[in-house]
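J.: quick one: sequence and predicted model below, then my questions.
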Amino acid sequence: MRTLVVDEFDPDLMVAELLDGGGAIRIPGLFTADQIARAKAFVEAETSDAAVTGSHFNHGVDDALLQRRVWNLFPRDPVFVELITHPVIVESMRAFLGSDFIVGSFCASRTMPGFGGQEPHIDYPYWDFHRRHSFPARINATFPLNCQGTVVVDPFTVESGATAYRPGSAAAMHYPTPDDRFFDDYEQMLGDPGDLILFYGLTWHCAMPNRSDAGRIGLLIEFLPKFVTPIEDMLTGLPEGWLDAADPVVRQMLGQSYPWPSQPPHAPLVDA
Ligand SMILES: O=C(O)CCC(=O)C(=O)O
């Protein structure tokens with residue numbers, strides 16, 4: 001996985017690496033130790049044994065006990081808005097997905113010791129690409145309908161089950177099957193707390209087994225172009241007034257800059 005140092009960060013390089021290279025990059029040390037500590041404390045509390053046991057509806061934590069998720073992080077703690085609105089993220093996503101990009105999902109995933117790993121897959125909106133008939137004719141991999149971001153909160157190591165991926169596999173444009181023998185040929189997205197990993201979600205990938213003795217937390221972000229319907233409904237249930245008071249870039253991430261469907265007449269968007 002290519003490393004791009006933040007001081008020399010160039011969105012064009014990032015775009016080229018994601019679309020024409022291996023499909024993933026790491027930007028080391030993008031976030032501060034304090035930000036990561038706040039995110040970690042929040043996710044650990046929300047995914048503790050006490051929070052999960054017997055209350056699978058509690059705060060949106062999945063009932064799959066070894067992969068614990070906290071959904072829609074936007075309103076949960078100000079640190080999550082700080083992280084997702086980092087200028088490097090905003091600039092990169094503008095370059096990769098267009099100026100009006102949106103966020104389709106923003107969750108925490110904590111895999112616990114003993115977690116067995118995921119099946120290799122590709123991400124929304126390609127995630128049901130095994131239903132090829134439901135996608136347009138001649139859809140192809142040369143332009144992106146997705147970018148995945150991982151904020152590394154706990155060390156992503158071989159032992160803790162850092163995300164595995166097959167470099168260059170996006171070009172194949174198919175859902176990985178057993179014939180692809182993913183586990184015979186993969187790399188892992190290794191990273192330290194505070195790193196940001198960006199990858200093209202059409203690249204075959206999966207979380208690996210957690211063979212360490214500690215949880216492995218990553219914040220998983222799905223970025224989409226403006227016209228793709230988000231997978232996660234992040235508007236229902238927001239605290240009263242939260243969206244109105246949100247920063248313009250957060251409002252954009254939550255689809256507020258894209259007015260359709262609307263009642264006719266439809267006014268085209270114009271730049272100020
Ligand atoms: O947590 C990881 O390493 C990858 C997660 C992932 O691919 C997913 O949840 O779809």
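T.: Nice, I can see it. Predicted model, so just to flag it, every value in this text is computed and none were measured.
J.: longest helix of the protein?
T.: helix 33-46 (DSSP state H).
J.: quick one: contacts of it?
T.: Contacting residues not belonging to helix 33-46 are listed as 51, 59, 61, 70, 76-77, 79-80, 82-83, 108, 110, 151, 153-154, 193-194, 215, 217, 219 [Cβ atoms under 8 Å, 6 or more residues apart in numbering]. Quick note: C-beta positions are derived from backbone N, CA and C, even for glycine.
J.: list the buried residues in stretch 65-77.
T.: For stretch 65-77, the neighbour count (16 or more other Cβ atoms under 10 Å) marks 66-77 as buried.
J.: same question for stretch 188-207.
T.: 188-191, 193-207.
J.: before we move on, what about stretch 251-266?
T.: Those would be 252-255, 257, for stretch 251-266 by 16+ other Cβ under 10 Å.
J.: how about Ile221, phi and psi?
T.: Dihedral angles of Ile221 (phi, psi; degrees, to the nearest 10) stand at phi -120, psi 130.
J.: now it, which residues is it bridged with?
T.: Phe106, Gly149 (DSSP bridges).
J.: what are the ranges of the strands in the stretch 1-150 of the chain?
T.: Remark: strands assigned in the stretch 1-150 of the chain by DSSP state E, counting those that start in this stretch are 2-3, 24-27, 67-70, 102-111, 147-152.
J.: let me have these in a markdown table, extended by mean pLDDT.
T.: Converted to a markdown table, the strands of the stretch 1-150 of the chain look like this (pLDDT from 0 to 100):
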| stretch | mean pLDDT |
| --- | --- |
| strand 2-3 | 96 |
| strand 24-27 | 98 |
| strand 67-70 | 94 |
| strand 102-111 | 98 |
| strand 147-152 | 98 |
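J.: return the helix or strand in the chain with minimum mean pLDDT.
T.: For the chain, using mean pLDDT, DSSP states H and E, the weakest element among its helices and strands is helix 49-52, scoring a mean of 87.
J.: quick one: Ser160 and Asn210 touch, right?
T.: Yes: counting by Cβ atoms under 8 Å, Ser160 does reach Asn210; the two are 5.6 Å apart.
J.: which residues sit in contact with the most centrally placed residue in the chain?
T.: Compute the mean C-alpha point of the chain, and by Cα atoms, centre = their mean the closest residue is Ile221, 2.4 Å away. Contacts of Ile221 were listed using Cβ under 8 Å, 6+ apart, and they are 84, 103, 105-106, 148-151.
J.: how far away is it from the ligand?
T.: 11 Å (Cβ to the nearest ligand atom, to the nearest Å).
J.: and for Pro28?
T.: 18 Å.
J.: so the closest residue to that residue other than its chain neighbours versus Leu269, what's the distance?
T.: Leaving out its chain neighbours, the residue that sits closest to Pro28 by Cβ to Cβ, 6 or more residues apart in numbering is Asp195, at 5.1 Å. From Asp195 across to Leu269, the span is 35 Å (Cβ to Cβ, to the nearest Å).
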